[in-house]
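Asker: Just to be clear, the model below is a prediction. Sequence and coordinates:
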Amino acid sequence: MFADIIIDITHEKLDRVFCYRVPEQLAGALEVGTEVIVPFGRGNRETRGYVVGFSEKTDYELSRVKEIIRAADESVAIESRLVALAAWMHEQYGGTMIQALKTVLPIKRKEQPREKRRVRLLLDEEEGKKQLDVYLHKNQKARARLLAGLLDQPEQEYELVTKKLNITMPVIRALEEQGVLALDSEREFRNPVRQRVKQRQEVEYTKEQRNVIDTFWGDYREGIRGTYLLYGVTGSGKTEVYMEMIHRVVQEGKQAIVLIPEIALTYQTVMRFYGRFGDRVSILNSRLSQGERYDQMERVRSGAVDVMIGPRSALFTPFSDLGLIVLDEEHETTYKSEQVPRYHARETAIERAAIEGASVVLGSATPSLESFYRCRRKEYTLLELRNRTQSLELPDVYTVDMRKELENGNRSILSDRLKGMIALRLERGEQTMLFLNRRGYAGFISCRACGYVVKCPHCDVSLSAHRNGRLVCHYCGHEEPSVSACPSCGSTFIGGFRAGTQQIEDIVKKAFPKARVLRMDMDTTREKDGHEKILESFASGEADILIGTQMIVKGHDFPNVTLVGILAADMSLYSNDYRAGERTFQLLTQAAGRAGRGSGKGEVIIQTYSPDHYSIRMAAAQDYEGFYEAEMEYRELMGYPPVEQLLAVLMTGRDEQLLEKAAGYVKEYVVRIGRGGRLQVIGPASPGVGKVNDVYRKVLYIKCGEYRLLTEAKNRLEQYIEINRGFQTLRIQFDFNPMNVF
Ligand code: ADP
Ligand code: ZN
Ligand code: ZN
């Protein structure tokens, strides 16, 4: 028996795994993650390492394979648990163990550590001013100068203080002794946010909030660690609840991770956490350099941090005693990694929590179908906040049937009703947001006269128009010729729906020449912070109308927005994957939530060709549960997740013929190991983009009720592919319950 061992987990050359023999007496005592002592290098120095895998045989010359000396006394290191998590991800999502380890372990980059020292004021403003009076009174000029400088800016670099304020070390020491300031002379950890924040305002929790907190805390104190779904409309006080839960868990000496999608990680949110937890909070975001990331992790290791906030990757923060993981906006698709290993942060959080003995709280106003389904099956505990905390009314939502507009001779993208409502806002000096739904845009074909959409007869998803003029299903590969007249009503107003934000801007400007219009899309936000800048200028009233894609749906509150217009609600409804209905409901609900956040009552217009579709109807009625029931019927009928599980096998290669043949073989193989038909194989199909940079792509979907059988199939496929020499020039990737159709 042999074990794969990694030696230095913080090293950037994590690529190398060493093979060691497992001695007889250790067989059975080792598992993935166990910390072991091994002889290493020429001098066989005793070195610590971690087991990352086992094998029966080795390619190395047997005489040169060294033996593990012993297991480390008590392997309780956080690294062990992270390695175990990596092994789980490797098994669950495919890819290599190295790829999984690199995702999970904080890797050090060679970067000069900055050894700067910093002076930090310890007094609050009031105390500081009192002390300043004392120095002035005693005519201690240097001390007064230093303190006044720190009152201006409570944290400053040592060099700056000494030069700019002309202060000497003894003065700094004197103030340090008096408890006025601290000189942080240890290695500086680059904490990206160093604001001093005012103490938080005490809030009195509503009855609903108290119920939620009590349920969670009652379990926690009894030692019950579970997964909770906090379902509450925007503004119902979810964030306040998370903070209280975290506070209690931290009081027990444990730590917490808060995952927030990057786009929602706004200044406002961050400051609320600072207000509550001070500098024991740390923030990760994608703009941090590798060095800064590593420093954050070192601060964590040194015990200086209780709460880590960040996007997906913050999940791997190496806390030694993790008590709670919060996933806010748990329905967000960005929680799924698009890189190998293609893990889902929700599932991985639940696994990490199980390893660490922590609880998980998922939160959303529009929970993913998966999570709500798990609540119904009692796998997760449902916690609810039904009301907004402040007496804000929900907006009135109207749908406009665009088929009728056409009937009445209006071919514009703006309905008459929407135009009228915009005009009213301009008159009253209120703001309007126009949201162009472009998510999932995939060239479906629909009829503007009757709303008919061309769908796959086998999969019940929209067909996509390909350049060669044919309509293709991206799941099963079904193809048919395109149409020039509607198969349902005969109208010739049938075709792809194409409109960009720029076009809409032109149309709006023509219709309202005096209005000040801002546009937010990929083009206008390319520069750094472009996104924030546009939102800020809109928030400060520099424009009357903001036009944008889903980017405008999140984050900021705009109290002066009293009208939200949703153009082309159908765009996501008829995207070519099974989540189309769910995404549409989420987007419409969130967009609608933007209206009427201030004093004025909000109104929302949804323009659609399918006013009777349940996603649109339920979004207009703001009825999540109604939507859930209708959508589950569809998922059950078609066997889509969460009822059944879906594994995408994506194959790519330069040789088109070989690829096609291989895809055929893989399909046959899966059918052969198919457990008497329990694995259902769909495809192979050509993905939306069939060829990228001369590399061809094919995708095969495997469907099954049991997740475990799919991971098993994945493992056997990996072996099959490795044995077959013919496959060597192809790349094969796995994606469980993929977020996007390929
Ligand atoms: P969510 O995260 O569900 O959108 P928040 O926690 O952000 O909700 O709460 C919305 C607003 O209501 C925030 O400004 C918050 O400070 C405030 N708030 C939350 N709970 C209370 C409460 N119990 N009393 C007063 N204000 C509250
Ligand atoms: Zn028609
Ligand atoms: Zn199909």
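Answerer: Looks like it came in fine. Since the model is a prediction, treat every value here as computed from it, not as a measurement. Ligands and ions are numbered 1, 2, ... in the order given.

Asker: In the stretch 301-450 of the chain, what residue spans correspond to helices?
Answerer: 345-356, 369-376, 402-407, 416-428 (DSSP state H, counting those that start in this stretch).

Asker: One more: the stretch 551-700 of the chain?
Answerer: 570-573, 580-592, 614-621, 624-638, 656-672.

Asker: And the stretch 1-150 of the chain, by the same measure?
Answerer: Under DSSP H, counting those that start in this stretch, the stretch 1-150 of the chain gives helices at 78-93, 97-104, 125-137, 141-152.

Asker: Please tell me I have it right and Gly253 contacts Asp321.
Answerer: Yes: the pair Gly253 / Asp321 is scored as a contact, 6.7 Å apart, by Cβ atoms under 8 Å. Every C-beta, even on glycine, is put in place using the N, C-alpha and C of the backbone.

Asker: Compare the two (neighbour count), which wins?
Answerer: The neighbour comparison of Gly253 against Asp321 (other Cβ atoms under 10 Å) goes to Asp321, with 14 against 9.

Asker: Nearest residue to the more buried one in space, please, no chain neighbours.
Answerer: Lys254 (5.0 Å; Cβ to Cβ, 6 or more residues apart in numbering).

Asker: burial measure for the one you found, as a count.
Answerer: Counted with other Cβ under 10 Å, Lys254 comes out at 20.

Asker: who are the neighbours of the helix or strand harbouring Leu160, in terms of helices and strands?
Answerer: Element membership of Leu160, judged by DSSP states H and E, is helix 158-164. Counting contacts by 3 or more Cβ pairs under 8 Å, 6 or more residues apart in numbering; DSSP states H and E, helix 158-164 is packed against strand 118-121, helix 141-152, helix 169-177.

Asker: May I see the buried residues of that helix?
Answerer: By 16 or more other Cβ atoms under 10 Å, the buried positions in helix 158-164 come out as Tyr158, Val161, Thr162.

Asker: likewise stretch 275-289?
Answerer: So stretch 275-289, judged by 16+ other Cβ under 10 Å, has buried residues Gly275, Arg276, Phe277, Asp279, Arg280, Val281, Ser282, Ile283, Leu284, Asn285, Leu288.

Asker: Take those residues and lay them out in CSV including secondary structure and distance to ligand 2.
Answerer: Shown next, in CSV, are those (DSSP: H, G, I helix; E, B strand; the rest coil; distance: Cβ to the ion, whole Å):
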residue, secondary structure, distance to ligand 2
Gly275, helix, 56
Arg276, helix, 56
Phe277, helix, 57
Asp279, helix, 62
Arg280, helix, 61
Val281, strand, 56
Ser282, strand, 56
Ile283, strand, 51
Leu284, coil, 50
Asn285, coil, 47
Leu288, coil, 52
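
Asker: Pick out whichever of the residues you listed sits closest to ligand 3.
Answerer: Asn285 (39.3 Å; Cβ to the ion).

Asker: I'd say the closest one and Ile263 touch.
Answerer: No: if you go by Cβ under 8 Å, Asn285 and Ile263 don't touch, sitting 10.8 Å apart.

Asker: who's in contact with the spatially closest residue to Val670 that is not a sequence neighbour?
Answerer: What sits nearest to Val670 in space, not counting adjacent residues and going by Cβ to Cβ, 6+ apart, is Val681, at 5.1 Å. Listed by Cβ atoms under 8 Å, 6 or more residues apart in numbering, the contact set of Val681 reads Lys667, Val670, Val671, Gly674, Leu700, Tyr701, Ile702, Lys703.

Asker: residues near Thr381, how many?
Answerer: Count around Thr381 with other Cβ under 10 Å applied: 18.

Asker: ok, it touching Gly226?
Answerer: Yes: counting by Cβ under 8 Å, Gly226 is a contact partner of Thr381 at 5.6 Å.

Asker: Which neighbours do those two have in common?
Answerer: With Cβ under 8 Å, 6+ apart, Thr381 and Gly226 have common neighbours Asp219.

Asker: ok, how many other residues are close to the residue nearest to Glu430 when sequence neighbours are not counted?
Answerer: Distance criterion Cβ to Cβ, 6+ apart; nearest residue to Glu430, sequence neighbours excluded, is Thr562 at 4.5 Å. Here the number of neighbours of Thr562 (other Cβ under 10 Å) works out to 25.

Asker: Likewise for Thr47?
Answerer: The number of residues near Thr47, taken as other Cβ under 10 Å, comes to 16.

Asker: same question, Tyr231
Answerer: 24.

Asker: check which helix or strand covers it.
Answerer: strand 227-232.

Asker: That strand near ligand 1 anywhere?
Answerer: Yes: counting by Cβ under 6 Å from any ligand atom, ligand 1 has neighbours in strand 227-232: Gly232.

Asker: what's that strand in contact with?
Answerer: By Cβ under 8 Å, 6+ apart, strand 227-232 touches 212, 215-216, 238, 241-242, 330, 350, 353, 359-365, 367, 371-372, 374-375, 379-386, 624.

Asker: quick revisit: among the helices of the stretch 301-450 of the chain, show the one with the smallest mean pLDDT.
Answerer: Between the helices of the stretch 301-450 of the chain, the one with the least mean pLDDT is helix 402-407; it has a mean of 90.

Asker: So what are the sheet partners of the strand holding Tyr231 and their directions?
Answerer: strand 359-364 (parallel), strand 381-385 (parallel) (DSSP bridges).

Asker: hey, which of those strands is tucked in deepest?
Answerer: strand 359-364 (a mean of 26; mean count of other Cβ atoms under 10 Å).

Asker: from memory Val699 sits against Ile682, does it?
Answerer: No: taking contacts as Cβ under 8 Å, Val699 lies outside contact range of Ile682: 9.5 Å.

Asker: Same drill for the two, tell me which one is more crowded.
Answerer: Val699 (26 against 19).

Asker: now the helix or strand harbouring Glu292: how far from the chain's centre is it?
Answerer: Using DSSP H and E, Glu292 sits within helix 290-301. Relative to the chain's own centre, helix 290-301 is displaced by 21 Å; criterion: Cα atoms, centre = their mean, to the nearest Å.

Asker: In it, which of the residues would be classed as buried?
Answerer: For helix 290-301, by 16+ other Cβ under 10 Å, it's Gly291, Glu292, Arg293, Tyr294, Asp295, Gln296, Met297, Glu298, Arg299, Val300.

Asker: Kindly provide the distance from the last one to ligand 3.
Answerer: Computed with Cβ to the ion, to the nearest Å, the distance linking Val300 and ligand 3 is 47 Å.

Asker: Next: the third one.
Answerer: Taking Cβ to the ion as the criterion, Arg293 is separated from ligand 3 by 42 Å.

Asker: what does the fifth one give?
Answerer: As for Asp295, its distance to ligand 3 is 50 Å (criterion: Cβ to the ion).

Asker: List the contacts of the residue of the stretch 551-700 of the chain found nearest ligand 1.
Answerer: Nearest residue of the stretch 551-700 of the chain to ligand 1, counting by Cβ to the nearest ligand atom: Asp557, 8.7 Å away. Residues in contact with Asp557 (Cβ under 8 Å, 6+ apart) are Arg597.

Asker: Of all the helices and strands packed on helix 158-164, which one comes closest to ligand 3?
Answerer: Once the helices and strands packed on helix 158-164 are compared by Cβ to the ion, strand 118-121 is nearest, at 61.0 Å.

Asker: Kindly export the closest one (C-alpha atoms) in CSV.
Answerer: Below are the C-alpha coordinates for strand 118-121, written out as CSV (Å, rounded to 0.1, in the frame of the first residue of the first chain):
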residue,chain,number,x,y,z
ARG,A,118,1.9,51.5,12.1
VAL,A,119,0.7,53.8,14.8
ARG,A,120,-2.9,53.3,15.8
LEU,A,121,-5.1,55.5,18.0
